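>>> Predicted model and sequence follow; I will ask about them next.
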Amino acid sequence: MAEREGRWWIWGAWLTIGVGVVGFGIVLFTLYGINLGLISHDHAAWSSFGSLLSGFFMVASTGATVATLLFLAHQNKQIQKTNIEQQRVTNAQLAAMNFEQYVNHRRFFMERLNELQSMFGNTFVFENRDALYNKVFPKNTPTNLEFKAEVVTDPGSQNYLGALNLHLSVLRNYAKSPGGKDDGRWLVGKLINLSEALDLRMVNEVAEGDLEFKGQRTPVNIYGADEFVMVATAIYDSFMFYTGNDKAERLIFPMGRSANDSLMEYFLGREEYPEIVKVLKPLPGLEMLERIYFDLCGIETEHFGYLEPLYAQLMEIFSSPTGVQKLRNNVYFADLLETGRRCTAKALARSEKGADDYNKLKVISEDLDILIALK
């Protein structure tokens, strides 16, 4: 409608100028004819007529120029309107395309999370997927999409991927040189930090050794710290691939027995802050069996040889969550206790009463009897 009105306006301007010029010419030449008469043979008259004609054409050309300028101005305005409209349409199309890419990118990310859950037997789910996507890709919005994300480890500007990288690096360094009296407490803190960063909710059956933090079961098991680090590394590597970064450095040396023993010893008989962090041990007698395992380490070599079959079996049991779950089999548990009683009896028979080893062996023997009575 506005375009049609603009077109009528420019045609009206042209018509007005044309009519004005023609009218001006008629009036001018009429007055000239009235005042000077018919065509003259006088040279001066023709000179005067030429001047008049020149003035008329100057007026006519001025009118034509003005009309042309008005037309060009109108045309330029229309082109600008068209360009603005095309730009608006183009921007709308780009916004729609960007939004579609954003939705697809999020969907592929969620599908990858499903694959990770399946990879580990659907033992856990990612608690808050939307928040996780926003942490991995903090710059992405429905109007802005970036396929790459930086790993920033600098404390002043550290991002989510940088925090995961540091958590894993600390545990890799520990695996290279474990040791220290406060290992258990330190290791619990680092494993919980990594677990909280991943925000996993466990949906599998409760297992002996599962670590609970603030009333929520974590993916950490004190008999298999390496297994959790392996899961965390796989998740981190998936994020690295999806964000266009390099994978994490492998654990050259697993934390192994050192980590398991440190965690077991830390929680054995621990009473501080049970409402914040604790280990689930639904199997009766498991904690007593852990004490026997550590007590065996204090037996002198001359008597330890008799106890070696029991110690080797306990060491294998406490090396992984799967090993501990074997104790749910009553027959297997009973055979273990019988082996322990026979080994302890042999060692006691060759130890002098009142000796340090004798008293330790006596405690072990009594604990075994209690466990046998429980079964």
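Ah, there it is.
>>> Just to be sure, residue 278 is in a strand?
Yes. Judged by DSSP: H, G, I helix; E, B strand; the rest coil, residue 278 forms part of a strand.
>>> burial count for it?
15 (other CB atoms under 10 Å). Heads up, the C-betas are built off the backbone N, CA and C, glycines and all.
>>> From the contact counts, what lies against the host helix or strand of residue 366?
Residue 366 is part of helix 356-374, with elements assigned from DSSP states H and E. The contact analysis (3 or more CB pairs under 8 Å, 6 or more residues apart in numbering; DSSP states H and E) places helix 356-374 against helix 286-296, helix 301-317, helix 330-349.
>>> For those, could you give me TSV that also reports mean neighbour count, mean pLDDT and distance to residue 191?
Converted to TSV, the helices and strands packed on helix 356-374 look like this (neighbours: other CB atoms under 10 Å; pLDDT from 0 to 100; distance: least, CB to CB, whole Å):
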stretch	mean neighbour count	mean pLDDT	distance to residue 191
helix 286-296	18	94	18
helix 301-317	16	92	21
helix 330-349	17	93	28
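>>> Now render those as a markdown table, adding distance to residue 135.
Below are the helices and strands packed on helix 356-374 laid out as a markdown table (distance: least, CB to CB, whole Å):
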| stretch | distance to residue 135 |
| --- | --- |
| helix 286-296 | 37 |
| helix 301-317 | 38 |
| helix 330-349 | 44 |
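>>> So, low pLDDT: which residues of the stretch 51-200 of the chain?
Applying pLDDT under 70 to the stretch 51-200 of the chain picks out residues 51-57, 59-60, 63-64, 67, 71, 89-92, 94-95, 178-182.
>>> which residue ranges form the helices in it?
129-136, 160-176, 183-198 (DSSP state H, counting those that start in this stretch).
>>> ok, back up a step: let me know the average pLDDT across the helix holding residue 366.
What helix 356-374 shows for mean pLDDT is 91.
>>> Compute the inter-axis angle for that helix and helix 286-296.
Here the directions of helix 356-374 and helix 286-296 differ by 160 degrees (axes from the mean of the first three to the mean of the last three CA atoms, to 10 degrees).
>>> tilt between helix 356-374 and helix 301-317?
Per the same axes, to 10 degrees, the angle that helix 356-374 makes with helix 301-317 is 40 degrees.
>>> domains of this protein?
When the chain is parsed with automatic domain parsing, its domains come out as 2-107, 120-278, 285-375.
>>> before we move on, the earlier item: chain center to the helix holding residue 366: distance?
Relative to the centre of its chain, helix 356-374 is centred 51 Å away, using CA atoms, centre = their mean, to the nearest Å.
>>> Need the residues that contact it.
284-285, 288-289, 291-292, 295-296, 298-300, 302-303, 334, 337-338, 340-341, 344-345, 347-348, 351-352 (CB atoms under 8 Å, 6 or more residues apart in numbering).
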